[in-house]
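**Q** sequence first, then the predicted structure, then my questions.
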Number of protein chains: 2
Amino acid sequence: MEATISKRDKIAEAALILFAERGYDGTTVPMIADNAEVGAGTIYRYFENKEALVNELFQDGVKRLHQSMMQDYPFEGSIREQFTHLFYGMVRFAQKHLHEQYFIETHSNAYCLDETSRNTFQQLLDFFHAYIDRGKQQGMIRPLPADALIAIVFGAFTRVFTLIRSGKLEETTELLSQLEECCWDAVRVLSN
Amino acid sequence: MEATISKRDKIAEAALILFAERGYDGTTVPMIADNAEVGAGTIYRYFENKEALVNELFQDGVKRLHQSMMQDYPFEGSIREQFTHLFYGMVRFAQKHLHEQYFIETHSNAYCLDETSRNTFQQLLDFFHAYIDRGKQQGMIRPLPADALIAIVFGAFTRVFTLIRSGKLEETTELLSQLEECCWDAVRVLSN
DNA sequence: ATTAACGGAATGAATATTCATTCCCAATCT
DNA sequence: AGATTGGGAATGAATATTCATTCCGTTAAT
């Protein structure tokens, strides 16, 4: 049983990295098998097919990201505090699962996702929507469509982390703190 | 000759849309042929192969984007004015070629690009770098790595236009003007 | 009538998936 | 204990499918 779990995990991890680096279509099953050091057939013992594999990875990833952002969420805090919390939840997640955040981001609109995956992602978006609506009501967040604001922060965050992942940028406390400020200033109402 | 040009253009346009929507690997040559209402073989009369096709589209697109941003560039203007100009250069381009901006963005790191394509893109980045360095010297732009700042603005812009393209967001003068402000506030030094 | 453009079936390479077989280990028997 | 066996896990060669590219008969242009 021990070995079983480890083998399944090896497949999942190899697939995740490849999907993140080359995309779903650019990744072949033999590639996954090679990287996981597993026979091609073994993959089909654990996953129905390539599509089921990508969907399972996506759903797991989104759920973990969601958890990571919700952990110790300051329900009573200010909009600004909550923003920081969410931002660093994302950072923690990206740090822990270096490729997973990018995988999620790049596949969140992919045609290979089934309805369950889409719903799982939608739940995360719904939470952001609620947060943004609260922020708008309090006059803290710009009166732009919530989708646009989410896109702005996610877009900026993801691309900067892509640079970090590729080694073109060094991840420092300083950089993260400045990025957080950039993102906040992009969505907040300027108060001067 | 009239028909020839039109046929080549049909192939290029169909390919561009498919590459933007499904990515290079997710797009098959028969798909392109179908959408262009052309026999599969015809594609090879105009392009050496699939890779040459994607590279040609990419280079053309980047050059046009570059031109669009440089047209009437206010060399003597302020950093702020130049930012606005560049932003709307991008907007004009995205409006004119709805899928092209996204295609460029999503393929700018793709393995299918040849050296010429990479160089073409690098020229655009170099221009942004120079702009940002000037802005930093003047104390107008945050002291973050230029790559990070580019990533922030491009990331935000691209994702918002993805929403527009998919119909989830309506493109209005108001929205664009606010988005421009968001992007500027994300990279500028706050002066209060 | 000659030439060029075109389409789409044909081809071979690559890919996803299956399946007959091997391997491993724990349970059972002697 | 040591041998035997049953069954699930793993494998990778074989198969079925899909894809990029080529080829050649047909059509259109001059």
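**A** Ah, there it is.

**Q** who's in contact with A:Tyr88?
**A** By CB atoms under 8 Å, 6 or more residues apart in numbering or on different chains, A:Tyr88 lies in contact with A:176, A:180. Placement of C-beta: from N, CA and C, glycine included.

**Q** so after the one helix or strand it maps to, what's the next helix or strand?
**A** Assigned by DSSP states H and E, A:Tyr88 belongs to helix A:79-96. The element immediately downstream of helix A:79-96 (helix or strand, assigned by DSSP H and E) is helix A:100-107.

**Q** residues in contact with the spatially closest residue to A:Asp114 that is not a sequence neighbour?
**A** Excluding the flanking residues, the one nearest A:Asp114 by CB to CB, 6 or more residues apart in numbering or on different chains is A:Asn55, at 5.2 Å. Shown in contact with A:Asn55 (CB under 8 Å, 6+ apart): A:112-114, A:116-117.

**Q** what's the pLDDT at A:Asn55?
**A** Looking at A:Asn55, its pLDDT stands at 95.

**Q** got the contacts of A:Asn55 as CSV, with neighbour count and secondary structure columns?
**A** Converted to CSV, the contacts of A:Asn55 look like this (neighbours: other CB atoms under 10 Å in any protein chain shown; DSSP: H, G, I helix; E, B strand; the rest coil):
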residue, neighbour count, secondary structure
A:Cys112, 18, coil
A:Leu113, 20, coil
A:Asp114, 14, coil
A:Thr116, 12, helix
A:Ser117, 21, helix
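
**Q** on that earlier part again, roughly how far is the helix holding A:Tyr88 from the heart of the chain?
**A** Mean-position distance between helix A:79-96 and its chain equals 12 Å (CA atoms, centre = their mean, to the nearest Å).

**Q** angle of that helix against helix A:100-107?
**A** Relative orientation of helix A:79-96 versus helix A:100-107 (axes from the mean of the first three to the mean of the last three CA atoms, to 10 degrees): 100 degrees.

**Q** can you give me the buried ones in helix A:79-96?
**A** Neighbour counts over helix A:79-96 (16 or more other CB atoms under 10 Å in any protein chain shown) mark A:79, A:82-91, A:93-94 as buried.

**Q** report how many residues lie close to the residue of chain A at minimum distance from DNA strand D.
**A** Closest contact between chain A and DNA strand D, by CB to the nearest atom of the strand, is at A:Gly41 (1.6 Å). If you count neighbours by other CB atoms under 10 Å in any protein chain shown, A:Gly41 ends up with 9.

**Q** same deal with A:Leu163?
**A** With neighbours defined by other CB under 10 Å, the count for A:Leu163 comes to 18.

**Q** rewinding a little: could you measure from the residue of chain A closest to DNA strand D over to A:Leu16?
**A** 20 Å (CB to CB, to the nearest Å).

**Q** how about A:Arg134?
**A** A:Arg134 sits 33 Å away from A:Leu16, going by CB to CB.

**Q** since that was my last question, I'll sign off now.
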